[in-house]
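Novice: sequence-free structure coming up:
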Ligand SMILES: Cc1cc2nc3c(=O)[nH]c(=O)nc-3n(C[C@H](O)[C@H](O)[C@H](O)COP(=O)(O)OP(=O)(O)OC[C@H]3O[C@@H](n4cnc5c(N)ncnc54)[C@H](O)[C@@H]3O)c2cc1C
Ligand SMILES: Cc1cc2nc3c(=O)[nH]c(=O)nc-3n(C[C@H](O)[C@H](O)[C@H](O)COP(=O)(O)OP(=O)(O)OC[C@H]3O[C@@H](n4cnc5c(N)ncnc54)[C@H](O)[C@@H]3O)c2cc1C
Ligand code: SF4
Ligand code: SF4
């Protein structure tokens, strides 16, 4: 039988997890049980499961550039293990201060600013094992860097917030850490000027690790490579931009949307957008005075929202954009365009015919 | 049933609905000609509505259908289904929109892969996935198989470059999945649709991601005395921490064939050659090149050549990309396998394959995406021999099982199709397969969309590993 | 690709069709450069589809008449040969197949009449001259005639140049470096005798003696192209007699004729040994004028005042694909002072001329002609050069509608010092 504290079940094997799911009528997975003292009224009816005991690194052979870990493993522990061998998760899992679990980072579908170089979470997740709503253990994808057999569940699962099942294991493709990095901030005087440079850089020959933009027009850039080449590359970049870069100040990393931790209050919303859409989005958000940050070269907008979520929903819907709340009480809610809704709900019914896991789209 | 066809005739004029032998026969096979099947009809839609209406009709009458791009699938993916129809997408071949600032293009499924890059070239952009068949195959086919290519090592497969989709589901409803961003908000339904081998419906519009053309390339051609040595060299480069854009190996047979086809100047006395290409900012490429050269020096290469011009570089790639077809010069009949092994086990896998090959008395040519550990053994056989194909398939099976034993996969990019159906249970448990089937039925309860492919289903109940193909036994397919 | 074609059933004349069919691995690499596939987008109008249909037909699974339309649609441009990595010699399949199926087929009367008219007129310069005069009379009513008859008339030049006779021999200037015989061609001789004249000028100036056999006739390529192998053989035999043996090469200025004559081996497959050998020997001597000049060495005309000109070069299919000659004409042109060579997009796609194709299949030919002209004009040339009279007329015809039509000339004319004012 799984260990239990404060109404929280802590299976130490997949078999235990399977029987918990089979026996339960409603299941919720919580990776970070230490954060909540007691379940809320609503949650008391749920079977709450923590994967804190399923936290091992199962397979890591550095010369293979893949790693397989249990879902309860902390992202930071995994990153440490990798960096010992000069490797990293190229999708740059954010919110390091939150010490999220691997399962949670996948469920939340989170990638950080440095995903700019090689791709986001979905591009680096090779395989996933999960326990579905029938309590079945499903192994999908593979452990090699390339695999075209079967449906690509590992990609599908990103951003599903535990609605399809409980992940127990995941395999990632990893890359070598560059021998040297430089971080620079380019302080354009207006948003417009910063944005033009932002779009131009995205189309340019520069291969940047981070390319973020703040509404004040400041551009944050990180680039990595062989030590001998860095001065030269920075020089070319500065030439191109007609500005010299500065070391970013502390204020930037302390800002609300530093992507190190979740904000204390309000909702942090991840909006999928595109470089050209940003001015329209920025203009729409300005009247509310919400803080925001454009990341991954303009494909993501992080919005810290304090007003009712419906308002953001309307703004995004008008612009044809979609966002997902990643922290706060309304976490997992999808705002704006909901066009995937019907398709996804069919898929959910296949994984979880008895609706034991939370719904994603209402 | 005749009702179905009369309704179909009301959707398509006679010059876009083929029911006569001369117009149907050219569609009986794809790139895997050992299988053939006559469809009842072939339709050639020119609008999204026509596709959706056709699917509605198929759903109503429970008529199976298969979408077809350029028919270059090597796993029987676009093989017609008995009593079903083929939906040929070759006239849905427009690039609808190209947005250089967003670095995206919206294209119809029948657009040829390399045409996207050609259209984007004016803006300094390109579409990264580059299957060897890129001058022929369609983006719809690439999407269905999550096709890869030489340069997917660094930039990922087709799936990593598809952002949004308009799809016709198997019941004819049209859905929008994903968006025009690289990031998702909510589940990655596009990720599920890509690589689903046509089982979840037909993609009608595809939003692809474009990337800036790298500023510089360095392409190195190294020759080796043995195939294992080349395999070990790949492991050494991977371990060195350099991330090349591509790493490809060809063995002697493949070199011979490719050289005959394009005269690329490959080393003719070598047992194997390794192509390594670096790409990116000039300063970064130059620095990586230094590091790579040092690593390569220790791999025991007989000869190392660096492409001196763009022409030379393109010729090296043209030869590599022609290799599959060029092997037709060595043997008119061959089957290509597509298994994946962990990269550190490449040398071992290649040694075992060569042993299997001599034990079976069949020649095997190897030309593959070494950087990904994605093998492509081409098994040459004589189809006029009574048991020629059987022998070849037995060898193919042995190779695939080897890949699984080494912790790999039965397919890296060509898909399961009909050809590798029988190995799915070796890779996935009955529970895994059942989950796949549940997903499939949630979207396509009548299982009409590319029935009989990828998933062992009601059409192909019993799977055996020896003798005639299970689908053959079940009468689903027949051989030429 | 395995086939069940029986060589015995086909007999010695046609047995060789089995090889290209079996060499095809069905990979589809030939699809994008096939002009009919790229305009129609269906498999039966692609090389891979045609090969497959011919296989099925030769195996007895489909009646040849059913696949006729798709075989007829083929332009015989051989772009598919260039793009095939597996080395399928499509040309060695389509020609004998056409002849084989011609033996099996019954054509409609109108179509027969038209083919007859074509076969009889184009190959004979005098008759061609007469016919095109009649055609020009009918031009105003062309739209009311059956489509393809209309095309035949539409394309016929309304005015032909003066008829030109050649001397039997033109001695070399300076030291004689070689001796060749020139095939003057039939349509070309009527439409543009200046091309042969230019060839003679360039050759003799470069020290080559040129013989123009008086009793020569049509080479038979056009007949071969549409499957009339009997007519083709008769024409070829006539030239075997007409051409002298003591020449280094038989020079053609028309790519279509050159490639056809190089295929005599296939044309006479299964014929008696003596004539087959004669055919092979004749074929072996055939050379395109540019390839020959490039091989023996070419000195450009001395004309220091020539203004710089931008030349868009069009690869004639029968030169580039059928004879695999692409670099020689480019090299020669670039050696002429003042010439800047331009490369149009889609070089591998046919202009739609392809022998008599623009007459038998006017719609596709028109579409291809327009597409070719668009690509050529996009390079913004002063003049367009090509190595085949068919392409020349087709491109000239379709560029009439362009904003700023430019002259279309044969490569050899430029080598002879052609300039816009001349
Ligand atoms: C004002 C307010 C502030 C709050 N602040 C906090 C706070 O600071 N910290 C906090 O933890 N909670 C906070 N909550 C509650 C929080 O929103 C969640 O209800 C709860 O904490 C679960 O969060 P988690 O981070 O432990 O889950 P995580 O473990 O991070 O999981 C996040 C999501 O991923 C899913 N998931 C995790 N692991 C897996 C897996 N292996 N397989 C499938 N799905 C998985 C979970 O089901 C969940 O949907 C707050 C609530 C309110 C109202
Ligand atoms: C010589 C040669 C070399 C090759 N090299 C490579 C290589 O390097 N890498 C690689 O990955 N593959 C390679 N292939 C395999 C093949 O080219 C790819 O699988 C390609 O993606 C197939 O594209 P197609 O247009 O020919 O699709 P088809 O063969 O026509 O169809 C393939 C599958 O896609 C489905 N499909 C097609 N369009 C749609 C649509 N719009 N919506 C849904 N489903 C659809 C079909 O139903 C079928 O299941 C090669 C093939 C050949 C012959
Ligand atoms: S390219 Fe060659 S082998 Fe491939 S289909 Fe065409 S003819 Fe056949
Ligand atoms: S000869 Fe030309 S038209 Fe005919 S199949 Fe080949 S490429 Fe197509």
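Specialist: On my side now, so go ahead. Remember, predicted model here, so these are calculated numbers, not experimental data. Residues are numbered from 1 along each chain as shown, chains lettered A, B, ... in the order given. Ligands and ions are numbered 1, 2, ... in the order given.

Novice: Three-state assignment for whichever residue of the stretch 101-250 of chain A sits closest to ligand 4, please.
Specialist: Going by CB to the nearest ligand atom, ligand 4 is nearest to residue A:148 of the stretch 101-250 of chain A, at 31.9 Å. Where you see a C-beta, it was placed from the backbone N, CA and C, and this is true even at glycine. Secondary structure, DSSP: H, G, I helix; E, B strand; the rest coil: residue A:148 is coil.

Novice: so how far is residue C:34 from residue B:416?
Specialist: According to CB to CB, to the nearest Å, residue B:416 and residue C:34 sit 30 Å apart.

Novice: cool, residue B:317 as well?
Specialist: Look at residue B:317 and residue C:34: by CB to CB, they are 23 Å apart.

Novice: More neighbours: which of those two?
Specialist: residue C:34 (27 against 21; other CB atoms under 10 Å in any protein chain shown).

Novice: Am I right that that one is in contact with residue C:76?
Specialist: No: taking contacts as CB atoms under 8 Å, residue C:34 lies outside contact range of residue C:76: 11.2 Å.

Novice: got the contact list for the closest residue to residue B:132 other than its chain neighbours?
Specialist: Distances taken as CB to CB, 6 or more residues apart in numbering or on different chains put residue B:321 closest to residue B:132, at 4.0 Å, once the chain neighbours are dropped. By CB atoms under 8 Å, 6 or more residues apart in numbering or on different chains, the contact set of residue B:321 is B:132, B:133, B:134, B:150.

Novice: Please report phi then psi for residue B:321.
Specialist: phi -80, psi -20 (degrees, to the nearest 10).

Novice: buried set for stretch C:311-330?
Specialist: C:311-323, C:325-326, C:328-330 (16 or more other CB atoms under 10 Å in any protein chain shown).

Novice: what's the answer for stretch A:187-198, then?
Specialist: So for stretch A:187-198, counting by 16+ other CB under 10 Å, buried means A:187, A:188, A:191, A:194, A:195, A:197, A:198.

Novice: now swap in stretch A:344-361 and tell me
Specialist: A:344, A:346, A:347, A:348, A:350, A:351, A:352, A:356, A:357, A:358, A:360, A:361.

Novice: ok, and does it reach over to chain B?
Specialist: Yes: counting by CB under 8 Å from any CB of the partner chain, chain B is contacted by stretch A:344-361 at A:344, A:346, A:347, A:349, A:350, A:351, A:360, A:361.

Novice: And the furthest pair within those residues?
Specialist: Greatest spatial distance among those (CB to CB): A:350 and A:361, at 15.0 Å.

Novice: from chain C, which residue is nearest to ligand 1?
Specialist: Closest point on chain C to ligand 1, by CB to the nearest ligand atom, is residue C:28, at 43.3 Å.

Novice: and if you look at the stretch 351-480 of chain B?
Specialist: Closest to ligand 1 within the stretch 351-480 of chain B is residue B:435: 15.5 Å, counting by CB to the nearest ligand atom.

Novice: my hunch is that that residue is in a helix, does that hold up?
Specialist: Yes: counting by three-state DSSP, residue B:435 is found in a helix.

Novice: thought it was touching residue A:133?
Specialist: No: using CB under 8 Å, residue B:435 is not in contact with residue A:133, being 10.6 Å away.

Novice: Spatially central, which residue of the chain would that be?
Specialist: Just going to use chain A. residue A:110 (0.3 Å; CA atoms, centre = their mean).

Novice: That was the other one, I meant chain C.
Specialist: Nearest to chain C centroid, counting by CA atoms, centre = their mean: residue C:256, 2.0 Å.

Novice: how close does that residue sit to residue C:221?
Specialist: 5 Å.

Novice: which other helices and strands contact the helix or strand hosting residue C:332?
Specialist: If you go by DSSP states H and E, residue C:332 is part of helix C:327-335. Secondary-structure packing of helix C:327-335 (3 or more CB pairs under 8 Å, 6 or more residues apart in numbering or on different chains; DSSP states H and E): helix C:289-296, strand C:309-314, strand C:339-342, helix C:411-415.

Novice: Of the ones you listed, flag the one that's most buried.
Specialist: helix C:411-415 (a mean of 27; mean count of other CB atoms under 10 Å in any protein chain shown).

Novice: from the chain's centre, how far out does that one sit?
Specialist: 18 Å (CA atoms, centre = their mean, to the nearest Å).

Novice: helices and strands around that helix, which ones?
Specialist: helix C:193-205, helix C:289-296, helix C:327-335, strand C:383-386.

Novice: Mean pLDDT added to those, as CSV?
Specialist: Formatted as CSV, those follow (pLDDT from 0 to 100):
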stretch, mean pLDDT
helix C:193-205, 93
helix C:289-296, 95
helix C:327-335, 94
strand C:383-386, 95
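
Novice: For the stretch 201-350 of chain A, which residues are neighbours of ligand 1?
Specialist: A:328, A:329, A:331, A:332 (CB under 6 Å from any ligand atom).

Novice: Test for you: state the pLDDT assigned to the nearest residue to the third one once chain neighbours are set aside.
Specialist: Spelled out, that is residue A:331. Residue nearest to residue A:331 in three dimensions, not counting chain neighbours: residue A:325, with 5.2 Å by CB to CB, 6+ apart. Per-residue pLDDT puts residue A:325 at 95.

Novice: Can you tell me who residue A:325 pairs with across the strands?
Specialist: residue A:269 (DSSP bridges).

Novice: and what of residue B:174?
Specialist: residue B:168.

Novice: Contact partners for it?
Specialist: Taking CB under 8 Å, 6+ apart, we find residue B:174 in contact with B:48, B:52, B:166, B:167, B:168, B:204.

Novice: how close does it get to chain C?
Specialist: Distance check for residue B:174 against chain C: by CB to the nearest CB, to the nearest Å, it reads 23 Å.

Novice: Quick check: phi and psi on the closest residue to residue B:182 other than its chain neighbours?
Specialist: What sits nearest to residue B:182 in space, not counting adjacent residues and going by CB to CB, 6+ apart, is residue A:299, at 3.9 Å. Dihedral angles of residue A:299 (phi, psi; degrees, to the nearest 10) stand at phi -90, psi -10.

Novice: didn't residue A:161 look like it was pressed against residue A:110?
Specialist: No: using CB under 8 Å, residue A:161 makes no contact with residue A:110, being 11.2 Å away.
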